[in-house]
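*Asks:* Return a 3D structure for these sequence lines:
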Amino acid sequence: MNDNSTENKMKAALESLCTLCLGADGVAPQQRIQARETIDALRMMCAYQTFDIEATRRENSGLRAMIKDKKKPRRKD
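*Replies:* So this is what the prediction gives:
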């Protein structure tokens, strides 16, 4: 998975959603504020998920290395 490509697509989708929700004529100011807060919350959730995925990848790499080291036969000197 290309993280930069995924992140760029997510940013473009959020910008498009923001434009659609907040740029529409006839939308009450309170609805615009609520839409902005919802979009910001979505942005934060996406950022957290990306951070969590990266942390999981690092942890999995470390665990795989530990398992690989334990599978090596130990020499008795």
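*Asks:* can you tell me how far Gln31 sits from Arg64?
*Replies:* With distances taken as Cβ to Cβ, to the nearest Å, Gln31 is found 49 Å from Arg64. (Each C-beta comes from the backbone N, C-alpha and C, glycine too.)
*Asks:* cool, and Leu17?
*Replies:* From Leu17 to Arg64 the distance is 38 Å (Cβ to Cβ).
*Asks:* So those two - more neighbours on which side?
*Replies:* When neighbours are counted by other Cβ atoms under 10 Å, Leu17 and Arg64 differ, and Leu17 comes out ahead with 15 against 10.
*Asks:* For the more buried one, which non-adjacent residue is closest in space?
*Replies:* In space, and not counting its chain neighbours, Leu17 is closest to Ile39: 6.2 Å by Cβ to Cβ, 6 or more residues apart in numbering.
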